[in-house]
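Colleague: The following comprises the amino acid sequence and a computationally predicted model.
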Amino acid sequence: MPEYFYPIIASAIVILTLLLSLALIYLVFVLRDLSKIVDEVEGTVEKIQDYIMKPISLINHAMKMITPLIESTQKKEGKKK
């Protein structure tokens, strides 16, 4: 084998190792930012549940309780006519 073959292989391995290290560091930064975004989305979802979904579910529950009363009142008025 030529005498310059081993230094070329060694330098290629060093360069690939450096590139892989940079890629891993970049991946860590991306995942950290992604974690922050997920935390913000979770907070937004909780706010939506508190301010929109809970009142809607309370109204739905109240309507389920009131609907039979309204129907019975309508039946009574229908019998009077």
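Modeller: Arrived safely.

Colleague: switch to C-alpha atoms for all contacts and neighbour counts from now on
Modeller: Fine.

Colleague: Show the average pLDDT along the longest helix anywhere in the chain.
Modeller: Looking across the chain with DSSP state H, the single longest helix is helix 5-48. Averaging pLDDT along helix 5-48 gives 96.

Colleague: Just after it, pick out the following helix or strand.
Modeller: Counting by DSSP states H and E, the next helix or strand C-terminal to helix 5-48 is helix 54-80.

Colleague: Which strands or helices does that next one pack on?
Modeller: Counting contacts by 3 or more C-alpha pairs under 8 Å, 6 or more residues apart in numbering; DSSP states H and E, helix 54-80 packs against no other helix or strand.

Colleague: now it and helix 5-48, what's the angle there?
Modeller: If you take axes from the mean of the first three to the mean of the last three C-alpha atoms, to 10 degrees, helix 54-80 sits at 40 degrees to helix 5-48.

Colleague: tell me the mean pLDDT for helix 54-80?
Modeller: Mean predicted confidence for helix 54-80 is 85.

Colleague: Please consider this matter closed, and thank you.
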